[in-house]
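# Got a predicted model here, sequence first, then my questions.
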Amino acid sequence: MGYRDVYDAWKADPEGWWMEQAKAVHWDRFPEAARSDDGTIWFPDGLTNTCYNAVDRHVDAGHGTRAAIIYDSPVTGTTRTITYAELQAQCASLAGALKARGVEAGDRVVIYMPMVPEAIVAMLACTRIGAIHSVVFGGFAASELATRIDDAQPKAVLAGSCGIEPGRVVAYKPLLDAAIEQASHKPEFCVIFQREQGRAELIPGRDVDWFDAQDGVAPAECVPVRGDHPCYVLYTSGTTGQPKGVVRPSGGHLVALHWSMKNIYGVDPGEVFWAASDVGWVVGHSYICYAPLFHGNTTVVFEGKPVGTPDPSTFWRVIAQHDVKSFFTAPTAFRAIRKEDPKAEYLAGYDISGLRALYLAGERADPDTILWAQKILGVPVYDHWWQTETGWPIVANPAGIEALPVKIGSPTVAMPGWDVQVLDDEGMQKAAGELGSIAIKLPLPPGTLPTLWNAEDRYRKAYLERFEGYYNTGDAGMIDEDGYLWIMARTDDVINVAGHRLSTGLMEEVLATHPDVAECAVIGVKDELKGQLPMGFVTLQKGTEKSDAEIQKELVALVRDKIGPVAAFKLATVVERLPKTRSGKILRKTMAQIADGDTFKAPATIDDPAILDEIGGKVQALGYPKG
């Protein structure tokens, strides 16, 4: 069957189709109902266990000696492999320690750890006994961690003593202590995984060492939970500054992620899959921890950066050394490598012939980056699109079913389960090729959020009220005549220049074609005459000899030539770096707030707040904020 056959089969009988996919995973009791009475949760009455599906069932099937996790840490010089049988023993032991201290099904556990295998063990150990985990990115500020502790109200916290960044050690324990001090809710106990690079001071009576907690404790068996039981709560940024706790029910999460591994990422059980992300993000949840293990793959847990640990060859080494078949990362990573090594000279000497495809997501993949990656890797480069809320790809190239032609700039087509439409402001469907708001017809498929943690009203306002009968993605774009989706911008990044609705994403694509540009961002700024004007920021490739003034002049001419004078693109500046989150997303909204003179709060996820000072100075040099 080709893609169209599969998609049409789903559309003809959505519930029957998903019930069929549910047979591929283990159930203690197979669900009788496809969806809950209100239609929001899939397989609600089935009984299953996430950890059993990720670990124990592979051991029971005779694959205990297969590698489950490859830990590769260039920042510590460590590489080690954990088999499925070893992972089972570690998960059962930690789960037993939690159980012995009173953690039960439904209790929350906050996980605050670096990129080490123990972070995966912590997640799985929670699901083993039905506890609901909430992973917070290691190194998050104490105030942000406190906010999440107050919202999730965990019985326990599992934390690493420190994280390791290029050239520095980040102590986590003082941040955790400060967060608990600030939080109204106090966890009953904390389990601390001590790292030799930065050991932590334990507080008697509250803190216990990772290994001491497990000493002499009986390992825990898997506890079956209902399909509607939350597997985890993951916090994502909210427009109000208050984070939103995305809830992920166990049954649909299991079925959707298992299906995606072969059909989207094209891997078979036993093969090595690598998602270069962090467990603090949804990519880390879905495609470092859960999906590869559900499917019986080997997953890579990587503690390092694309450049600087030690140089731009790191990704090539990992792919070659571990025979990675399918690789998933953010476009930012490849832009960083390209900036440091534009001719890919560091690739020399690494055999990456085992790699079948590169997958990009997390932000718009500009055509220049895709073309460069295709050229140096010699494999298909697939952009795909999804969100923290959805948990798995909405739109992708279904390489495991049928590799569709790549249209550079498009993440390709909707996956089964997703009825993606482009709507106007009145909620009417737009014609092919017309820009509008991207929305998904309800019900959402398995694996998605049915609500926000303790915030049902907020969930409805954020996602469901804008278009009746639809989930509002917050993205803008179009669908072409072949059914390919084109993501042009976040809805608030479609700017209105003298009555013309223009995509800043399209302008970024044009700027990225300049041979000296490494990265770029375009924002909309307030203008009395035209309503809004585009303002462009670029970083330059190493070795660029032109002056900033020459670059700026060429960029203005480039946009005028490719888009036309209607874009009114005259504001461009060269910066040393762009402000980003730790996951690589450019903070365009914050940049726009600076340019408009609005008050703003640097997001907790920002990689380096000092960059905002440079942006402010460059904006002022362009004559903004006005007045």
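Sure thing, it's come through.
# CA atoms for contacts and neighbours, from now on please.
OK.
# What is the neighbour count of the nearest residue to L360 once chain neighbours are set aside?
Closest residue in space to L360, ignoring its immediate chain neighbours: D383 at 4.7 Å, by C-alpha to C-alpha, 6 or more residues apart in numbering. Counted with other C-alpha atoms under 10 Å, residues neighbouring D383 total 29.
# any idea how far D383 lies from R80?
30 Å (C-alpha to C-alpha, to the nearest Å).
# and what of G483?
From G483 across to R80, the span is 44 Å (C-alpha to C-alpha).
# Compare these two (neighbour count), which wins?
Remark: of G483 and R80, G483 carries more neighbours, 14 against 11, as counted by other C-alpha under 10 Å.
# Which residue comes closest to that one once chain neighbours are left out?
Per C-alpha to C-alpha, 6+ apart, closest to G483 is V413, 6.3 Å.
# any idea how the protein splits into domains?
3-304+384-477, 498-621 (automatic domain parsing).
# coming back round to it: P393 is in contact with the residue nearest to G483, correct?
No - contact criterion C-alpha atoms under 8 Å: V413 and P393 do not qualify, at 10.3 Å.
# Just to be sure, L449 is in a helix?
No - looking at L449 with DSSP: H, G, I helix; E, B strand; the rest coil, it is coil, so not inside a helix.
# what number of residues lie near it?
L449 has 25 nearby residues by other C-alpha under 10 Å.
# Numbering from 11 from now on, please.
Right, with 11 as the first residue, what we last looked at is L459.
# isn't it right next to P453, touching?
No - with contacts counted by C-alpha under 8 Å, L459 stays clear of P453, the gap being 11.0 Å.
# residue contacts, D217?
F199, C200, V201, I202 (C-alpha atoms under 8 Å, 6 or more residues apart in numbering).
# Roughly how far does the residue nearest to G493 sit from D160?
40 Å.
# These two: which has the busier surroundings?
V423 (23 against 17).
# show me where pLDDT drops low in the chain?
Along the chain, segments meeting pLDDT under 70 span 247-251, 499-503, 509, 511, 637.
# If you count residues, where's the longest helix of it?
helix 94-110 (DSSP state H).
# could you say what helices and strands that helix packs with?
For helix 94-110, the contact count by 3 or more C-alpha pairs under 8 Å, 6 or more residues apart in numbering; DSSP states H and E identifies helix 67-70, strand 77-83, helix 127-138, helix 220-224 as packing neighbours.
# want to throw the ones you listed into a markdown table with mean neighbour count?
Formatted as a markdown table, the helices and strands packed on helix 94-110 follow (neighbours: other C-alpha atoms under 10 Å):
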| stretch | mean neighbour count |
| --- | --- |
| helix 67-70 | 18 |
| strand 77-83 | 23 |
| helix 127-138 | 26 |
| helix 220-224 | 17 |
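# Distance to I621 added to those, as CSV?
Below are the helices and strands packed on helix 94-110 laid out as CSV (distance: least, C-alpha to C-alpha, whole Å):
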stretch, distance to I621
helix 67-70, 47
strand 77-83, 27
helix 127-138, 30
helix 220-224, 37
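# what about W28, how many neighbours?
There are 23 residues near W28, going by other C-alpha under 10 Å.
# Revised request: answer the last question for K471.
Neighbours of K471 (other C-alpha under 10 Å): 10.
# SS state for it?
Under three-state DSSP, K471 comes out as helix.
# List the contacts of it.
So K471 contacts nothing (C-alpha under 8 Å, 6+ apart).
# Wait, a helix at L368?
No - going by three-state DSSP, the assignment for L368 is strand, not a helix.
# close enough to count as contact, it and G388?
No - using C-alpha under 8 Å, L368 makes no contact with G388, being 9.9 Å away.
# higher neighbour count, the two?
Under the criterion of other C-alpha under 10 Å, the comparison of L368 against G388 puts L368 first, with 22 against 15.
# That one and A522, how far apart?
Counting by C-alpha to C-alpha - L368 and A522 are separated by 20 Å.
# Now do the SS call for T50.
Classified using three-state DSSP, T50 is coil.
# a helix runs through I298, doesn't it?
Yes - secondary structure of I298 (three-state DSSP): part of a helix.
# what's around it, how many residues?
By other C-alpha under 10 Å, neighbour count at I298 equals 26.
# try D571
11.
# which parts of the helix or strand containing it are buried?
Under the criterion of DSSP states H and E, D571 resides in helix 558-572. By 16 or more other C-alpha atoms under 10 Å, the buried positions in helix 558-572 come out as I561, Q562, L565, V566, L568, V569, R570.
# And for stretch 340-354?
340-352, 354.
# Of those residues, which belong to strands?
The strands, defined by DSSP state E, take in nothing from the buried residues of stretch 340-354.
# hang on, the earlier thing: where does the residue nearest to G493 sit: helix, strand or coil?
strand.
# Would you mind measuring from it to P453?
On the measure of C-alpha to C-alpha, V423 and P453 end up 18 Å apart.
# Outside of stretch 360-372 itself, list whatever touches it.
Against stretch 360-372 from outside (C-alpha under 8 Å, 6+ apart): 326-327, 329-330, 333-341, 387, 389-397, 594-595.
# Put the alpha carbons of that stretch into PDB.
In PDB, the C-alpha atoms belonging to stretch 360-372 read as follows (Å, rounded to 0.1, in the frame of the first residue of the first chain):
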ATOM      1  CA  TYR A 360      33.900   9.300   8.700                       C
ATOM      2  CA  ASP A 361      31.900   6.500   7.100                       C
ATOM      3  CA  ILE A 362      28.300   7.500   7.300                       C
ATOM      4  CA  SER A 363      27.100   5.300   4.500                       C
ATOM      5  CA  GLY A 364      24.800   3.500   6.900                       C
ATOM      6  CA  LEU A 365      22.600   6.600   7.300                       C
ATOM      7  CA  ARG A 366      19.400   6.400   5.300                       C
ATOM      8  CA  ALA A 367      17.800   9.800   6.000                       C
ATOM      9  CA  LEU A 368      18.000  13.000   8.000                       C
ATOM     10  CA  TYR A 369      14.800  14.400   9.600                       C
ATOM     11  CA  LEU A 370      14.500  18.000  10.600                       C
ATOM     12  CA  ALA A 371      11.900  19.600  12.900                       C
ATOM     13  CA  GLY A 372      11.400  22.100  15.700                       C
END
